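Q: Pasting a predicted model and its sequence here:
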Amino acid sequence: MDYNTERNRLVEWLRRQMIGPAHSGETLLGITPLERYPCAKLYPVINDEEGVDPAAEADDEEDYAPLGEADSTGDAVQETVKPRRYVAPSAVGFSFFAHGDIQFHVRCSAVRYARIGERNEKGQFSGFEFDRISLGGDEEAVTFTAKNRVDVLRDQNGDYLAGLDVQWRPYADGWIITVSLFNKQSWSEIDDWDERANRTLFEVNLNCFIDQGTVGDYPRVEYSLLNDEEQEIELQYKHRKIYAIGHGSAVDWREQDNMVTELFSDFMPMVEVPQVTADVADDDNKILQMAYLATCKQSTTEVVSGLEQFVANYAQWLSEQQSTIVNLEPHEATVANRMTSRMEETLKRMHSGVKLIAKDATVALAFSLANQAMFESEQPT
């Protein structure tokens, strides 16, 4: 069995189930598309809404009273929280940094579902049957050399159902460019739910192809604005290139000859995590196996020897990490020293723990029993 192929088949099946189409036919039966496909869809704009949660706007006089503050009757007023109203997403996009003589073209596509089938005497549909209609594609690709807004995704009646908005903001020696696709249709809550499904865009794709210019690293957050944990993550992954950030979905890119040639929205990103193995003293990694460590009471000398070698290897690795700090920028070196100081404390504790096991039989017994208990807890019952 080719496990890589089978994994890709599984991911593709999951993508079809979550985004669509789940089958090769052009008709969806027995369920509404809103219920069937939870991902990669842009809802119509709700009439009289601004696209943000109106409950998120503070209104001290009407919606909030501090806990314990008395009203005019002298009774304590409990803190009240206005329920937040969820506004479904109607747009998706991404931002990237580019410089040079910039030109790119954007291709977007989507699907809409129109309800079809027989109607009863009241004019209502008698069943759930929806026709799948493809929109957009290569024929509607739009080229940009500056900011602009254009209509896209034209239906069979010639009406444009979506808009494409491109914004350019100057930054350093180039531009931060934001590309957004938005559903321009509207829907009112007094309308029936068939209309909401009819005006929702499914299987949304947004692709940007670079024709001229160069996509560079997306500006990172200033170190001074990050907390300690964020600074350490930034340092550990500084070698990873980030060319864009997503809005409403993830974003990914394709490269050729170390140059970004395409950026695209990804509603269901996937990455294959490589297998990780521990580089320890022995070839079979038994020093990390709980069943082996549980023999410490009977084979204290052997187990302690293995633990000492394990700690020595950790100390060597730590020394190698510390030797690389001189090559870092000053603000990075501060973060690296903070991280390695914690590693040094860990190394001291490891040394102390191994010494304690070696000289105290009661500690060795406790160590054996603890590992035996953890080993047995993982065994199937």
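A: Now that the structure is in, tell me what you want to look at.
Q: Centroid-nearest residue for the chain?
A: Compute the mean C-alpha point of the chain, and by C-alpha atoms, centre = their mean the closest residue is Ala250, 5.9 Å away.
Q: beta partners of it?
A: Beta-bridge partners of Ala250, counted by DSSP bridges, are Asp266.
Q: residues in contact with it?
A: The contact partners of Ala250, by C-beta atoms under 8 Å, 6 or more residues apart in numbering, come to 265-267, 269. Just so you know, the C-beta spots here come from the backbone N, C-alpha and C atoms, and that holds for glycine as well.
Q: can those residues go into TSV with extra columns for neighbour count?
A: Shown next, in TSV, are the contacts of Ala250 (neighbours: other C-beta atoms under 10 Å):
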residue	neighbour count
Ser265	26
Asp266	17
Phe267	20
Pro269	11
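Q: Generate JSON lines for the residues you listed, with distance to Thr346 as supplementary columns.
A: Compiled in JSON lines, the contacts of Ala250 are given as follows (distance: C-beta to C-beta, whole Å):
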{"residue": "Ser265", "distance to Thr346": "42"}
{"residue": "Asp266", "distance to Thr346": "38"}
{"residue": "Phe267", "distance to Thr346": "40"}
{"residue": "Pro269", "distance to Thr346": "33"}
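Q: mind putting the residues you listed in TSV, pLDDT and distance to Gly216 included?
A: Output for the contacts of Ala250, formatted as TSV (pLDDT from 0 to 100; distance: C-beta to C-beta, whole Å):
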residue	pLDDT	distance to Gly216
Ser265	97	20
Asp266	96	21
Phe267	96	26
Pro269	93	22
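Q: for these, which one is nearest Arg220?
A: Nearest to Arg220 among the contacts of Ala250 is Pro269, at 20.0 Å by C-beta to C-beta.
Q: Report the beta-bridge partners for the closest residue in space to Leu28 that isn't next to it in sequence.
A: Leaving out its chain neighbours, the residue that sits closest to Leu28 by C-beta to C-beta, 6 or more residues apart in numbering is Phe130, at 4.3 Å. Note on Phe130: beta-bridge partners by DSSP bridges are Leu28, Arg115.
Q: In three-state terms, label the spatially closest residue to Ala141 that is not a sequence neighbour for me.
A: By the measure of C-beta to C-beta, 6+ apart, the closest residue to Ala141 outside its immediate chain neighbours is Arg107, 4.5 Å from it. Three-state assignment for Arg107 (DSSP: H, G, I helix; E, B strand; the rest coil): strand.
Q: again with the one 4 residues further on
A: For Val111, the secondary structure call by three-state DSSP comes out as strand.
Q: please begin residue numbering at 46 from this point
A: Got it, first residue is 46 now, which makes that one Val156.
Q: Pretty sure it sits against Arg177.
A: Yes - under the criterion of C-beta atoms under 8 Å, Val156 makes contact with Arg177 at 5.8 Å.
Q: of these two, who's got more company?
A: Taking neighbours as other C-beta atoms under 10 Å, Val156 and Arg177 compare with Val156 leading, 24 against 17.
Q: how far away is the more buried one from Ile91?
A: Distance, Val156 to Ile91, by C-beta to C-beta, to the nearest Å: 21 Å.
Q: separation between the residue nearest to Ala186 and Leu308?
A: Relative to Leu308, and taking C-beta to C-beta, Arg152 is found at 11 Å.
Q: Those two: who's more crowded?
A: Leu308 (27 against 20).
Q: Tell me where the stretch 196-345 of the chain has helices.
A: Secondary structure of the stretch 196-345 of the chain (DSSP state H, counting those that start in this stretch): helices at 238-243, 273-281, 335-338, 345-368.
Q: so how far is Asp237 from the residue nearest to Leu73?
A: Taking C-beta to C-beta as the criterion, Phe175 is separated from Asp237 by 14 Å.
Q: neighbour-wise, which of these two wins?
A: Neighbour tally, Phe175 and Asp237, criterion other C-beta under 10 Å: the higher count belongs to Phe175, 25 against 10.
Q: ok, back up a step: can you check which residues contact both of Val156 and Arg177?
A: Counting by C-beta under 8 Å, 6+ apart, the common neighbours of Val156 and Arg177 are Pro66.
Q: quick one: which of the contacts of Ala295 is nearest to Glu166?
A: Phe312 (41.1 Å).
Q: Quick check: the gap between the nearest residue to that closest one once chain neighbours are set aside and Thr407.
A: Distance criterion C-beta to C-beta, 6+ apart; nearest residue to Phe312, sequence neighbours excluded, is Ala85 at 3.9 Å. Going from Ala85 to Thr407 by C-beta to C-beta gives 60 Å.
Q: Pick out whichever of the two has more residues nearby.
A: Just comparing Ala85 and Thr407: by other C-beta under 10 Å the higher neighbour count belongs to Ala85, 22 against 8.
Q: who's in contact with that one?
A: 63-65, 247-250, 294, 312-313.
Q: Does it belong to a helix, a strand or coil?
A: Using three-state DSSP, the structure places Ala85 in coil.
Q: Please determine how far it is located from Gly261.
A: From Ala85 to Gly261 the distance is 28 Å (C-beta to C-beta).
Q: can you check Val321 too?
A: 31 Å.
Q: For the two, indicate the residue with more neighbours.
A: Shown here are Val321 and Gly261; by other C-beta under 10 Å, Gly261 has more neighbours (18 against 5).
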